[in-house]
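Peer 1: need the 3D shape of this:
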Amino acid sequence: MKLKQYKSIGYFSLLFLISFTFSGLYSQSLIIESPNGGFTTERIQKISGSVSGLNGDRITIAINGIPQTVPVSGGRFAMNAVVAPGNNLIEIKAGKVSEKISFFAKVPPRDIKVVLIWDTQTDVDLWVIDPKGEKCYYSHPSTQSGGNLDVDVVDGFGPETFTMAKALPGNYSVQVQYYGSYDKPITRVNAYVVLYEGKSNEKRMRFQFVMTKSQQVYHLANFEIEPEN
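Peer 2: This is a model prediction of the structure:
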């Protein structure tokens, strides 16, 4: 009887060990390596880290409430984001785990920020045309009026980011070019226009569009900057 009891105990111990081992193999972890929190003077901030146990090849990073799909390769992820003056919040979700980190950025304010993201891993280009008719895009990333294409992504989900320190009054046009090859799938884009970010009069607008044909330019939205009184 004692022998049978010991065998029984050994059997259940083995089951527990196997269960514990498989649980460990399939557990998830998420580590944010950058930013480190605290304080920064870098206007373009690298967001990076590692993830394990992920069932998939992408995660979601929200920068001050704007979500962004980010690819994961070899358990690592990285992206560049234009941060806001003042407090910033980074929220990362990878499968069933999530982490947050906040930091304060002492950076010059921008009257206009346009952030473009999309849902397939391809090349989409952001174009912003100012009231003077000057176009800011990948081959003309800085305009005479102070517009800048701060982040350009050629293989991913974005973000492409345009900023302008001192906005010209008048009408702005936001356009996108589906620059990927002809065999690329239908791609959905989201453009977030943030005016006077970090100030008491901050305003946000979101525009959506579905691009069906590669190598085409699509008009996405217009927005207006009122003249100062």
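Peer 1: tell me the SS of Val193?
Peer 2: Counting by DSSP: H, G, I helix; E, B strand; the rest coil, the backbone at Val193 sits in strand.
Peer 1: now the residue most central in space within the chain: phi and psi?
Peer 2: Among the residues of the chain, the one closest to the centroid is Gln68, at 3.1 Å (CA atoms, centre = their mean). In this entry, Gln68 is assigned phi and psi values of phi -140, psi 130 (degrees, to the nearest 10).
Peer 1: ok, Ile44 next?
Peer 2: The phi/psi pair for Ile44 (degrees, to the nearest 10) is phi -100, psi 110.
Peer 1: chain neighbours aside, what residue packs nearest to Lys93?
Peer 2: Nearest residue to Lys93, sequence neighbours excluded (CB to CB, 6 or more residues apart in numbering): Thr60, at 4.7 Å. All C-beta atoms are positioned from the backbone trio N, CA, C, and that covers glycine.
Peer 1: worst-scoring helix or strand of the chain, pLDDT-wise?
Peer 2: helix 2-25 (a mean of 39; mean pLDDT, DSSP states H and E).
Peer 1: where does pLDDT dip in this protein?
Peer 2: 1-26, 181-182 (pLDDT under 70).
Peer 1: what helix or strand is the closest residue to Tyr137 other than its chain neighbours on?
Peer 2: Computed as CB to CB, 6+ apart, the closest residue to Tyr137 that is not its neighbour in sequence is Trp127, at 4.5 Å. Secondary structure from DSSP states H and E places Trp127 in strand 124-129.
Peer 1: now do that strand: everything it contacts.
Peer 2: Here strand 124-129 makes contact (CB atoms under 8 Å, 6 or more residues apart in numbering) with 114, 116, 118, 135-138, 147, 149, 152, 158, 160-162, 172-180, 187, 189, 191, 211, 217.
Peer 1: just the buried residues from these, in PyMOL please.
Peer 2: Filtering these down to the buried ones (16 or more other CB atoms under 10 Å) takes a single PyMOL command:
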select buried, resi 114+116+118+136+137+138+147+149+152+158+160+161+162+172+173+174+175+176+177+178+179+180+187+189+191+211
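Peer 1: from the contacts of strand 124-129, which land in strands?
Peer 2: 114, 116, 118, 135-136, 147, 149, 160-162, 172-178, 187, 189, 191, 211, 217 (DSSP state E).
Peer 1: am I right that Glu91 is in a helix?
Peer 2: No: secondary structure of Glu91 (three-state DSSP): strand, not part of a helix.
Peer 1: next up, the contacts around it.
Peer 2: The neighbourhood of Glu91, defined by CB under 8 Å, 6+ apart, consists of Ile61, Ala62, Ser98, Glu99, Lys100.
Peer 1: who wins on neighbours among the residues you listed?
Peer 2: Using other CB atoms under 10 Å as the neighbour criterion, Ile61 leads the contacts of Glu91 with 21 neighbours.
Peer 1: for it, list each beta-bridge partner.
Peer 2: Beta-bridge partners for Ile61, by DSSP bridges, are Gln68, Ile92.
Peer 1: ok, it touching Ser98?
Peer 2: No: contact criterion CB atoms under 8 Å: Ile61 and Ser98 do not qualify, at 10.5 Å.
Peer 1: between the two, which contacts overlap?
Peer 2: With CB under 8 Å, 6+ apart as the test, Ile61 and Ser98 both reach Glu91, Ile92.
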